[in-house]
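**Q** Sequence and predicted structure below; questions after.
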Amino acid sequence: HSPKGLRHHSADGAPAQDTDLISDKYTIQIMTYRRPAHLMAVIRHHVRAPSLHKIVVIWQQTAKSLGATHLYSALQKLPKPVEVVIAGSNDVTNRWRRQPPTRTKAVFNIDDDAIVDQIADLEGAFKVWQQHQDRLLGFYERVIHLDELEGAYLYGYDAGVASSEKYGMVIGKAWFAGPSILDLADTSDPLFLRFNAFLHNASRESKGCDDIAWNYFLHLKGAPAPLSLFGVSMTDVMTDEMKRTGYSVRSENAAAWVPYRHSCITRLHQALGLSKPSLPKFPLQVTFLPGRT
């Protein structure tokens, strides 16, 4: 039961029909797991965005665990509505699709430990997405290339590495998307179910592969290649470390992270029977914030 003034929903509800969606505002979507303090900092920062319609929190735990936090009272005191989707479990594919409370065409997804420093940049990114509504607009581009000596596909940044095969993707940290992208993740689709089984295999931790898997999934479903938005400055809530899209993010500086991401590719190929990445060629088309070209 939720207190008066705060609405929450089940993750298996139906989203609004495309024809009924609002086009001049966007929803901020934040998937979170066991980090209520970080979540609240992210919400408080972004809730002042002029074109924001509402914030949708995907709570990857139970309603009881939400009730045990301070969030109920805190969320009711904000200037824009915040609605909570109770996922019940940590299913990382929840951010692949529109959630029931979403009433806008545009969804801005951001991690629960990151903020866009300048709200004007977020508004500018929304304007860029409005010109490319059939595309995923990612704030961080990465490359998967063939290491011809190792005979393996590796994940990383494009540092001028020589390779006969390079593929582009965007990471899950921050992106805009609309119904043509977010409605592809149909939970009854056999292809979606194969990806979901890979990510949630109890014998091998793979949740950190979810954005790589999503890029593969979108390409296999015939979605157009993502766009890479350059120049948005972001801050990490945990460390206040500055980062600018096009460069590294904090998690990718950890020594074990990049090898883990290499293993995501190898294991994903094994699970899907792929001989090479199901991704668009690198580099992706780059876009810039209005006035930054």
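**A** Arrived safely, thanks for sending.

**Q** Ala74 and Leu66, how far apart?
**A** Here the criterion is C-beta to C-beta, to the nearest Å. By it, Ala74 lies 12 Å from Leu66. All C-beta atoms are positioned from the backbone trio N, CA, C, and that covers glycine.

**Q** what does Arg95 give?
**A** Distance, Arg95 to Leu66, using C-beta to C-beta: 18 Å.

**Q** Neighbour count: those two, which is higher?
**A** More crowded of Arg95 and Leu66, by other C-beta atoms under 10 Å: Arg95, with 24 against 18.

**Q** what residues are up against the more buried one?
**A** Neighbouring residues of Arg95 by C-beta atoms under 8 Å, 6 or more residues apart in numbering: 29, 31, 58, 109, 172, 210.

**Q** chain center to stretch 144-159: distance?
**A** 23 Å (C-alpha atoms, centre = their mean, to the nearest Å).

**Q** which ones are touching Gln29?
**A** Contact analysis of Gln29 by C-beta under 8 Å, 6+ apart lists 55-56, 58, 95, 99, 102, 107-110.

**Q** my bad, Lys207
**A** 90, 92, 199-200.

**Q** ditto for His145
**A** Contacts for His145 (C-beta under 8 Å, 6+ apart) come out as 153-154, 156, 161, 163, 165-167, 282.

**Q** Kindly present those as TSV, with separate columns for distance to Pro79.
**A** Formatted as TSV, these follow (distance: C-beta to C-beta, whole Å):
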residue	distance to Pro79
Tyr153	46
Leu154	45
Gly156	41
Val161	47
Ser163	49
Glu165	49
Lys166	45
Tyr167	42
Phe282	41
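
**Q** neighbour-wise, which of these leads?
**A** Tyr167 (25 neighbours).

**Q** Out of the contacts of Arg95, the closest to Asp20 would be?
**A** Taking C-beta to C-beta as the measure, Asp20 sits nearest to Gln29 out of the contacts of Arg95, at 18.1 Å.

**Q** Secondary structure of that closest one: a strand, I assume?
**A** Yes. Counting by DSSP: H, G, I helix; E, B strand; the rest coil, Gln29 falls inside a strand.

**Q** Per-residue confidence at it, what does it come out as?
**A** On the pLDDT scale, Gln29 is placed at 98.

**Q** go on, Ser2?
**A** On the pLDDT scale, Ser2 is placed at 45.

**Q** would Tyr26 count as being in a strand?
**A** Yes. Checked against three-state DSSP, Tyr26 lies within a strand.

**Q** Report the contact partners of it.
**A** Counting by C-beta under 8 Å, 6+ apart, Tyr26 makes contact with 51-53, 104-108, 126, 129, 176.

**Q** mind running it again at 10 Å?
**A** 49, 51-54, 102, 104-108, 122-123, 125-126, 129-130, 176, 178 (C-beta atoms under 10 Å, 6 or more residues apart in numbering).

**Q** so which of the contacts of His145 comes closest to Arg194?
**A** Tyr153 (18.9 Å).

**Q** List phi and psi for the closest one.
**A** Dihedral pair for Tyr153: phi -90, psi 130, per degrees, to the nearest 10.

**Q** Quick check, it in contact with Met169.
**A** No. The criterion here is C-beta atoms under 10 Å, and Tyr153 misses it with Met169 at 11.6 Å.

**Q** what touches both of these two?
**A** With C-beta under 10 Å, 6+ apart as the test, Tyr153 and Met169 both reach 144, 277, 279.

**Q** hmm, back to that, ok, which pair from the contacts of Lys207 is furthest apart?
**A** Asn90 and Leu199 (10.3 Å).

**Q** So for those two, which sits in the more crowded spot?
**A** A direct count of neighbours by other C-beta under 10 Å for Asn90 and Leu199 places Leu199 higher, at 22 against 14.
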